[in-house]
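Engineer: could you work out the structure for the sequence below:
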Amino acid sequence: MRHLWCSLIVMILLSLTTIAQEKYGVLDEIESHIREKTLGWQLVKKRVHPQIGQAIYQWRKGKSSVAVHFFVYESEDVASTRFKSLPGLYQGSGLDVRGLDMIILRAKVPKLGDENYLWEESQDRRLFGVDFRKGKIVVHTAASSIATAEQFALQMAEAVP
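Structural biologist: Okay, the predicted model is just below:
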């Protein structure tokens, strides 16, 4: 019985390691692509958490800024569910400590991932974004202008395998 439990624990640990490595590989591919596409932009923040399949990047160029959050999920179904609940994650005391009241706009970006929407902050209208899902990956883009958010979203979509 002890041997069975040890075998089970080893199998669980190996599967968790494989999932973490897969997520890290995807995040590594995306980061390489980002470096190539963000010429002229200065990377000011980078947090990569491959164990949980998340990465956060922030760039500046003059007075413009953009932040991109990547979420890697186990399946497309889980990613789709999480994508639909993404606005709730950023509101109140969710992922953004200050809270972010997002108004989802009717417009969509053609040919961007499997699902997408544009949004703007409802408080002072100085933050805009494009969120999308492509396969198992969900991307949240927040920028100082809708044009910058859309530009980065399209570049990030190219990076997502």
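Engineer: helix, strand or coil for the residue positioned nearest the centre of the chain?
Structural biologist: Nearest residue to the geometric centre of the chain (CA atoms, centre = their mean): Phe70, 1.9 Å. Following DSSP: H, G, I helix; E, B strand; the rest coil, we place Phe70 in the strand state.
Engineer: so what's it bridging to?
Structural biologist: As for beta bridges, Phe70 partners with Ala55, Val139 under DSSP bridges.
Engineer: for it, list the residues it contacts.
Structural biologist: Counting by CB atoms under 8 Å, 6 or more residues apart in numbering, Phe70 touches Leu27, Ile30, Gln54, Ala55, Ile56, Ile137, Val138, Val139, Met156. (Glycine included, C-beta is placed from N, CA and C.)
Engineer: got a pLDDT number for it?
Structural biologist: Per-residue pLDDT puts Phe70 at 90.
Engineer: can you tell me how far it sits from Ile30?
Structural biologist: Separation of Phe70 from Ile30 (CB to CB, to the nearest Å): 6 Å.
Engineer: right, and the helix or strand after the worst-scoring helix or strand of the chain on mean pLDDT?
Structural biologist: One helix or strand of the chain scores below all others by mean pLDDT, DSSP states H and E: helix 2-37, with a mean of 54. Sequence-wise, the next helix or strand downstream of helix 2-37 (DSSP states H and E) is strand 42-49.
Engineer: please identify the buried residues of that next one?
Structural biologist: By neighbour count on 16 or more other CB atoms under 10 Å, the buried set for strand 42-49 is Val48.
Engineer: cool, and stretch 140-155?
Structural biologist: By neighbour count with 16+ other CB under 10 Å, stretch 140-155 contains the buried residues 140-144, 146, 148-155.
Engineer: low pLDDT regions in this structure?
Structural biologist: For the chain, applying pLDDT under 70 flags the ranges 1-25, 91-99, 124-125.
Engineer: now do the same contact list for Val68.
Structural biologist: Ile34, Ile56, Tyr57, Gln58, Val139, His140, Thr141, Ala142, Phe152, Met156.
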